[in-house]
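Asks: Model the structure of this input:
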Amino acid sequence: MQQILEQLKSPLPSAPPHRRLSAAQWRTLATIADTIIPSISLHRTGTPDDNKSLILSPQTHEIALRELRDISSADQAPDALIEAYLAEPISSCPGFEDAVQRLYTLYMDDDQRKGLSFLLTALDTRAGALLFTGTTTPLHTLSIKRRLEIVKGWQDAYIPAYNTIFRSVSVLGKLYWPRVSTTLGRLLSFPHTPLNHNFGEAYPFSFVQFPPPQFEKRDLPDMIEADIVIVGSGCGGAVVASVLAQAGLSVIVADKSYYWPPQYLPMSEMNGLANLFANGGITASDDSAMSVLAGSCWGGGGTVNWSASLQLQGFVRQGWAQKGLPYFTSAAFQNDMDVVCEAMGVSTAHVEHNVTNQKLLEGARRLGMNAKTVPQNTGGETHSCGYCTLGCGSCGKKGPTESWLPSAAKAGAQFVEGFEVDHVIFSDTLDDHGDRIATGVQGIWTSRDSNSGTSGGDRYKRKVILKARHSVIISSGTLGTPLILHRSGIKNSHVGAHLRLHPVITLGAVFDTDVRPWEGSILTSVVNDYENLDGHGHGVKLEATNMIPSLWMPGLAWYDPLQYKISCAKMRRSVGYISLARDTGEGRVYADASDSHRARIAYTVSKKDRAHIAIGLEGLAKIMHVSGAREIFISLPTVPPFVRSEDSSSDLNDSAFQDWLKTHIRPLQSGKMPASAQFASAHQMGTARMGTSASNSVVSPEGRVWGTMGLYVADASNFPSASGVNPMITNMAISHGIARGIRDRWGVESGKGEQRARL
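Replies: I've put the predicted structure just below:
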């Protein structure tokens with residue numbers, strides 16, 4: 001066991017040498033990163049080469065020291081630590097180059113890789129430098145002052161291509177510095193694991209293993225068979241597995257990702273994002289304006305979400321029913337929601353609000369807003385862990401790995417990890433209705449290494465077929481499911497279309513005393529006043545957000561290096577929130593041209609949704625102002641923060657605050673936002689949506705893929721539109737309903753299946 005633990009301290013895949021950035025390209029990229037996060041030298045330390053360090057004047061030096069001393073008490077952050085923090089350039093941080101090389105070789109698609117490679121190469125030539133910098137001097141030879149002028153020019157340019165360049169290069173520094181810095185965690189006094197953390201007792205999952213390939217059989221696939229094959233172990237697939245296994249059907253659950261027991265959780269920020277999320281924790285839209293965070297591990301999004309367990313609102317249910325889906329206003333759907341909530345112990349009992357959630361609740365109450373406690377899937381017990389997005393080692397969060405998957409295992413389900421499905425297999429014959437009959441899936445299984453990790457060089461692959469006697473259920477998520485359907489030859493224009501993302505922009509507030517926002521439960525409060533701004537069920541919810549540094553800091557606005565480093569240091573006194581839109585606009589998911597297993601995202605936040613988000617930001621700003629915030633800021637670089645003066649009040653009618661709202665926030669409510677606006681999403685829905693026919697949807701009201709028999713979709717991709725709430729409960733409830741239908745058709749023990757599924 002100790003050997004495995006040692007292996008998993010750094011379970012990161014290596015970048016293939018033949019695809020790495022060249023030495024010259026890396027030099028240019030490191031130069032750009034050091035322009036975003038440079039060494040900032042204090043005046044009294046002398047004047048080093050200004051190509052390497054940003055030199056502060058005596059006056060600025062004293063202001064920076066004073067502000068950083070005020071943020072941190074002297075015993076926690078003496079001047080020596082403050083100076084080291086300011087002087088740290090990102091390129092000097094251990095692991096930064098390896099992290100970027102992994103991003104470049106493993107997680108970027110071909111277009112992104114080619115675009116970055118072209119930019120880095122061009123910036124090292126006279127002609128390219130002239131195009132992108134206005135000078136014929138290679139970027140890495142310019143002074144840092146001149147480089148800052150160039151980068152800010154990209155940020156503020158009217159030409160969208162330059163805005164995209166800024167977003168792409170600035171995110172590298174903002175994304176990785178919190179993960180690799182040797183000084184930031186010490187300055188914040190941020191513990192990399194929760195205080196007073198205890199490992200929970202996990203279910204002892206067993207996974208099917210395939211032998212190393214033999215020479216004479218290397219091209220022959222291994223094959224196992226069951227009544228039901230489920231592709232994906234997340235919120236949808238886990239529920240289906242439990243219901244059908246308990247109905248007496250033999251079930252196989254296969255997932256391309258791997259299981260990490262509690263003793264490995266929560267992972268470090270670097271390892272967690274690489275091992276628990278799709279694409280290393282960063283999937284960007286084609287225009288780089290949207291960053292999508294999607295779980296990819298055993299248990300799927302239910303392993304990395306924040307325990308929020310909200311049921312679907314009545315007006316959304318009615319809207320879906322009006323689309324010809326009466327199930328959503330039926331007692332059956334309500335029962336499905338209640339069943340999944342009961343199975344995970346969803347309640348508001350024993351919820352303890354941390355400072356972030358307390359301020360949202362209390363500030364909203366002062367303004368007469370509708371703020372509520374968010375139910376948690378924590379078995380009715382207190383669960384004060386702010387690190388759950390990196391895996392819940394306490395097992396206090398009763399997600400798929402603590403509830404549905406163990407119940408499926410106890411009923412005889414088999415599990416396969418590390419199995420990436422290529423396509424669904426269909427029979428050579430059609431059914432009586434002329435539909436294709438699904439009989440299984442085919443793909444590639446990849447073993448763990450000899451230390452039971454996933455980064456060793458001695459892993460091997462096997463071709464595998466999972467045969468299904470009755471049904472195949474695709475539960476690979478909104479990004480993965482449409483790609484599998486496409487590779488399987490499903491000819492339906494709605495596959496991959498109608499992508500909804502619940503786009504968000506963040507708002508932060510700084511207080512006069514320490515908050516330590518990473519402590520306590522993540523999301524236990526919500527404000528609902530703005531959820532129906534258009535009268536048709538579209539608007540925003542105001543919620544607390546995760547406050548792990550590597551997830552919070554990339555969203556902070558960047559104006560200049562000193563401002564950004566000071567903003568990051570203020571995190572210990574900060575709280576963070578999101579204005580989350582139920583989007584009216586939509587995008588699509590499609591396969592990369594050179595890799596049919598890599599999801600590409602085309603999505604632009606609509607003008608209406610931008611306006612709604614901005615209205616929510618004003619609501620959050622008012623809540624924070626009456627709560628006594630010293631500083632309020634949003635993640636848009638064109639909007640300066642509001643800083644309350646020492647002698648001003650937190651009254652809502654404060655003239656300075658009202659002027660800030662009028663000048664900087666309300667103009668955004670027209671729906672116009674700067675080209676540099678960066679949005680984020682942790683909820684993906686709708687790319688295999690449910691409907692009444694193949695002309696308007698991908699799956700039937702029963703979850704069956706149109707034109708097939710025995711092929712179903714059970715995940716958030718089948719949502720008819722955006723849910724407007726954290727999608728876990730809706731996903732599980734719909735999947736429970738789909739599983740009931742399959743059970744009633746094939747279940748051996750149908751009479752007791754429903755009763756046992758409630759447990």
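
Asks: how close does residue 195 get to residue 284?
Replies: According to CB to CB, to the nearest Å, residue 195 stands 34 Å off from residue 284. (Each C-beta comes from the backbone N, C-alpha and C, glycine too.)

Asks: Which residue ranges of the stretch 451-600 of the chain form helices?
Replies: Along the stretch 451-600 of the chain, the segments classed as helices by DSSP state H, counting those that start in this stretch run 477-487, 549-552, 561-569.

Asks: returning to that earlier point: compare residue 195 and residue 284 (neighbour count), which wins?
Replies: A side-by-side neighbour count of residue 195 and residue 284, using other CB atoms under 10 Å, places residue 284 first with 21 against 10.

Asks: Just confirm the more buried one contacts residue 278, I think it does.
Replies: No: judged on CB atoms under 8 Å, residue 284 makes no contact with residue 278 at a distance of 11.8 Å.

Asks: out of the helices of the stretch 451-600 of the chain, nearest to residue 536?
Replies: Counting by CB to CB, residue 536 lies closest to helix 477-487 out of the helices of the stretch 451-600 of the chain; the figure is 22.7 Å.

Asks: and that closest one, what does it pack onto?
Replies: strand 419-430, strand 461-474, strand 588-592, strand 595-602 (3 or more CB pairs under 8 Å, 6 or more residues apart in numbering; DSSP states H and E).

Asks: just how off-centre is that helix within its chain?
Replies: Here helix 477-487 is found 18 Å from its chain centre; the criterion is CA atoms, centre = their mean, to the nearest Å.

Asks: One more: stretch 188-201?
Replies: Counting by CA atoms, centre = their mean, stretch 188-201 is centred 21 Å from the centre of its parent chain.

Asks: Show the end-to-end separation of it, please.
Replies: Using CA to CA, to the nearest Å, the span of stretch 188-201 from its first residue to its last is 31 Å.

Asks: Quick one: residues in contact with it.
Replies: Contacting residues not belonging to stretch 188-201 are listed as 72, 76, 184-185, 262-263, 266, 268-269, 385-387, 392-396, 402, 516, 518-519, 549, 569, 571-572 [CB atoms under 8 Å, 6 or more residues apart in numbering].

Asks: Tell me which of those residues fall in helices.
Replies: Those of the contacts of stretch 188-201 mapping onto helices are 184-185, 269, 549, 569, per DSSP state H.

Asks: In CSV: the residues you listed, plus neighbour count.
Replies: Supplementary listing: the ones in helices among the contacts of stretch 188-201 in CSV, determined by neighbours: other CB atoms under 10 Å:
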residue, neighbour count
184, 22
185, 14
269, 23
549, 22
569, 23
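
Asks: Which one of these is nearest to residue 351?
Replies: Looking at these and their distance to residue 351, the nearest is residue 549, at 24.5 Å (CB to CB).

Asks: these two touch, right, that closest one and residue 180?
Replies: No: Residue 549 lies out of contact with residue 180 (CB under 8 Å); the separation is 11.3 Å.

Asks: hey, where'd the strands end up in the stretch 551-700 of the chain?
Replies: Counting by DSSP state E, counting those that start in this stretch, the stretch 551-700 of the chain has these strands, from start to end: 574-581, 588-592, 595-602, 631-634, 642-643, 679-681.

Asks: Burial-wise, tell me which of the ones you listed comes out on top.
Replies: Comparing the strands of the stretch 551-700 of the chain by mean neighbour count (mean count of other CB atoms under 10 Å), strand 574-581 ranks first with a mean of 28.

Asks: Could you list the low-confidence segments of this protein?
Replies: Judged against pLDDT under 70, the low-scoring parts of the chain cover residues 1-18, 42-51, 73-77, 215-218, 749-759.

Asks: Could you chop it up by domain?
Replies: The domain map for the chain lists 14-188, 222-259+310-343+401-496+686-757, 504-681, with the assignment taken from automatic domain parsing.

Asks: For residue 289, which of the ones you listed is the nearest?
Replies: With CB to CB, the closest approach to residue 289 among the domains of the chain belongs to domain 504-681: 6.1 Å.

Asks: Quick one: end-to-end distance for that closest one.
Replies: 6 Å.

Asks: do stretch 205-214 as well
Replies: The first and final residues of stretch 205-214 sit 27 Å from each other (CA to CA).

Asks: Would you mind pulling the contact partners of it?
Replies: Contacts with stretch 205-214, where a contact means CB under 8 Å, 6+ apart, come from 222, 224, 252, 259, 298, 401, 405-406, 409, 414-417, 445, 447, 460-462, 464.

Asks: Now do the contacts for the residue nearest the centre of the chain.
Replies: By CA atoms, centre = their mean, the chain has its centre lying nearest to residue 293, at 2.0 Å. Taking CB under 8 Å, 6+ apart, we find residue 293 in contact with 277, 281-283, 551, 680-682.

Asks: Then residue 310?
Replies: Residue 310 touches 374-375, 526, 725-726, 729, counting by CB under 8 Å, 6+ apart.

Asks: how about these, which pair is most distant?
Replies: Checking the contacts of residue 310 with CB to CB, the most distant pair is 526 and 729, at 13.6 Å.

Asks: okay, the strands of the stretch 551-700 of the chain in JSON lines with distance to residue 91 next?
Replies: As requested, the strands of the stretch 551-700 of the chain are arranged in JSON lines below (distance: least, CB to CB, whole Å):
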{"stretch": "strand 574-581", "distance to residue 91": "27"}
{"stretch": "strand 588-592", "distance to residue 91": "29"}
{"stretch": "strand 595-602", "distance to residue 91": "28"}
{"stretch": "strand 631-634", "distance to residue 91": "27"}
{"stretch": "strand 642-643", "distance to residue 91": "32"}
{"stretch": "strand 679-681", "distance to residue 91": "26"}
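
Asks: just the strands in the stretch 351-500 of the chain please.
Replies: Secondary structure of the stretch 351-500 of the chain, counting by DSSP E, counting those that start in this stretch: strands at 371-373, 376-377, 414-416, 419-430, 436-446, 461-474.

Asks: roughly how far is the fifth one from the heart of the chain?
Replies: Read it as strand 436-446. On the basis of CA atoms, centre = their mean, strand 436-446 is displaced by 28 Å from the centre of the chain it belongs to.

Asks: now it against strand 595-602, angle please.
Replies: Orientation note: strand 436-446 sits at an angle of 100 degrees relative to strand 595-602 (axes from the mean of the first three to the mean of the last three CA atoms, to 10 degrees).

Asks: hey, C-alpha coordinates of strand 436-446 in CSV?
Replies: Output for strand 436-446, consisting of C-alpha atoms alone and laid out as CSV, is shown next (Å, rounded to 0.1, in the frame of the first residue of the first chain):
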residue,chain,number,x,y,z
ARG,A,436,-30.8,-1.1,-35.6
ILE,A,437,-30.3,-3.5,-32.7
ALA,A,438,-27.5,-2.6,-30.2
THR,A,439,-25.6,-5.7,-29.1
GLY,A,440,-22.6,-4.3,-27.2
VAL,A,441,-19.6,-1.9,-27.4
GLN,A,442,-16.0,-2.2,-28.6
GLY,A,443,-13.0,-0.2,-27.3
ILE,A,444,-9.6,-0.2,-25.8
TRP,A,445,-8.8,-1.2,-22.2
THR,A,446,-5.6,0.2,-20.7
